[in-house]
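> Quick check, what structure comes out for this input:
(one chain, ligands or ions: 1)
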Amino acid sequence: MNYKIALIRGDGIGPEVVGEAVKVMDAIGAKFGHTFEYVDVLMGGCAIDAVGKSYPEGTAEKCKECDAVLLGAVGGPKWGHSTEAEKRPETALLSIRKDLGLYANLRPAALRPALAEACPLKKETADRGIDLMIVRELTGGIYFGKRERYATEDRGEEAADRMAYSEKEIERIGRRAFELARLRGKKLASVDKANVLETSRLWRKVMHKLAEEYSDVQYEDVLVDNAAMQLVRDPGQFDVVVTENMFGDILSDEASMITGSIGLLPSASIGDTAPGLYEPIHGSAPDIAGQDRANPIATILSVAMMFRYSFNLPAEAKTIEDAVDAILNEGWRTADIAKPGEDVISTVKMGELIRAKL
Ligand code: NAD
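Residues are numbered from 1 along each chain as shown. The predicted structure follows:
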């Protein structure tokens, strides 16, 4: 098969880590008989420098002509101070998610066995293993509701943010999560605050209806405060966790912390029809940009997610994941995951070693 992939290399370490991920894709192509055609798409700070805006006209259209999008990272101190939205790199991230209709954000948090010591939790907790996937609703809820700020007579200024969810929005993210659970360990925890919030009560009603349909998936409701506790007490109990936008924002960061390094964690944002967007969870790391020190693993694992979720190529995905684990097991480390005194390797060297293991 031939696949067309949009590459948004972006800023800072973005081009370095995407460069290594592309070489891994090509190596997988050679091994499994696929070809990949790449379309470079300008977005972020580099686009501000080149054409004066972070999200140039035609960005979404170019991406829509592709089968998937791979993004490095955008942003950096150079572009951090503009008050104009189109001159801020982060505006481009929100725009592309919206324009591609990416309503589901998938963030796996897996503790790679070779790095168990980087887990900040108790050893016996880490030893039980952590391999969960947070499915966050990405285009609804309080982040997209009406915002208000007004003066009151006797209480000073007051602000309000509206949180709304429709049955349709809940059902589509719920279906995604149940389908994913079927591909993984067949367990789904739905996180809400149904003891307080009306949106959560509707969320629960829709999820329960879906749970009857997906009766092969073991389903449970978890209140968000309890979920936050359970993630540090016993994260091994979770397989797939589905939740609304704001709870997902917070819990997915908590889940990534317990795995030890942001240089290792991939993510995917997917919709119903548009190409999925795959990216490491880290930013552009301006402090180490251009020094061949960035860890490319999160971006390489994002390619594995692309193969699994956009192209339905699980064997290719697993080959990449196994190669990463093998290299980590052999003790190779970039600076971000090395212990004090340990030898460290460069971005390019890490990419080379992983390719050699494929
Ligand atoms: P960051 O993730 O870029 O960096 C945080 C720390 O982690 C830094 O010390 C950095 O060196 C390190 N780090 C990150 N990725 C690494 C990797 N692959 N290998 C080794 N070390 C790594 O977060 P930040 O400093 O808060 O943000 C920097 C810029 O990135 C900001 O402009 C921010 O807006 C942007 N950002 C972009 C995205 C995105 O494009 N999706 C996401 C987050 C932040």
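
> where does the residue in the stretch 51-200 of the chain that the ligand sits nearest to land on pLDDT?
The stretch 51-200 of the chain approaches the ligand most closely through Gly75 (2.7 Å), counting by Cβ to the nearest ligand atom. Placement of C-beta: from N, CA and C, glycine included. pLDDT for Gly75: 95.

> ok, how many other residues are close to it?
22 (other Cβ atoms under 10 Å).

> gap between the closest residue to it other than its chain neighbours and Glu61?
Residue nearest to Gly75 in three dimensions, not counting chain neighbours: Pro89, with 4.1 Å by Cβ to Cβ, 6 or more residues apart in numbering. Separation of Pro89 from Glu61 (Cβ to Cβ, to the nearest Å) stands at 20 Å.

> What of Asp272?
From Asp272 across to Glu61, the span is 18 Å (Cβ to Cβ).

> between Pro89 and Glu61, which one's more packed in?
Pro89 (27 against 10).

> List the contacts of that one.
Applying Cβ atoms under 8 Å, 6 or more residues apart in numbering to Pro89 gives the contacts 10-11, 44-45, 48, 54, 74-76, 79.

> Using TSV, please lay out those residues together with distance to Glu220.
Listed next are the contacts of Pro89 as TSV, based on distance: Cβ to Cβ, whole Å:
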residue	distance to Glu220
Gly10	38
Asp11	41
Gly44	39
Gly45	43
Ile48	46
Ser54	41
Val74	37
Gly75	37
Gly76	42
Trp79	43
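
> Low-confidence ranges, the stretch 101-250 of the chain, go.
By pLDDT under 70, the stretch 101-250 of the chain contains no weakly predicted segment.

> Next, please give the residue ranges for the strands of it.
Ranges of strands in the stretch 101-250 of the chain, per DSSP state E, counting those that start in this stretch, are 104-110, 131-137, 147-151, 157-161, 187-192, 218-223, 240-243.

> Indicate which one of the ones you listed is closest to Lys349.
strand 104-110 (23.3 Å; Cβ to Cβ).

> what inclination does that closest one have with respect to strand 131-137?
160 degrees (axes from the mean of the first three to the mean of the last three Cα atoms, to 10 degrees).

> So which residues of the stretch 101-250 of the chain form helices?
123-127, 167-183, 198-213, 224-233, 245-257 (DSSP state H, counting those that start in this stretch).

> Show me what the second one is packed against.
For helix 167-183, the helices and strands in contact under the criterion 3 or more Cβ pairs under 8 Å, 6 or more residues apart in numbering; DSSP states H and E are strand 104-110, strand 131-137, strand 187-192, helix 198-213, strand 240-243.

> Now the spatially most central residue of the chain: which helix or strand?
Residue closest to the average C-alpha location in the chain (Cα atoms, centre = their mean): Ser267, at 2.3 Å. Assigned by DSSP states H and E, Ser267 belongs to strand 266-270.

> and what of Glu321?
Using DSSP H and E, Glu321 falls in helix 314-329.

> in the stretch 251-358 of the chain, which spans are strands?
So, for the stretch 251-358 of the chain - with DSSP E, counting those that start in this stretch - the strands run 266-270, 276-280.

> among the ones you listed, which is the most enclosed?
strand 276-280 (a mean of 26; mean count of other Cβ atoms under 10 Å).

> Can you name every helix or strand that that strand contacts?
If you count contacts as 3+ Cβ pairs under 8 Å, 6+ apart, strand 276-280 packs onto strand 68-73, strand 266-270, helix 297-305.

> can you give me the angle that strand makes with strand 104-110?
Relative orientation of strand 276-280 and strand 104-110, computed by the same axes, to 10 degrees: 40 degrees.

> Perfect, I'm done here.
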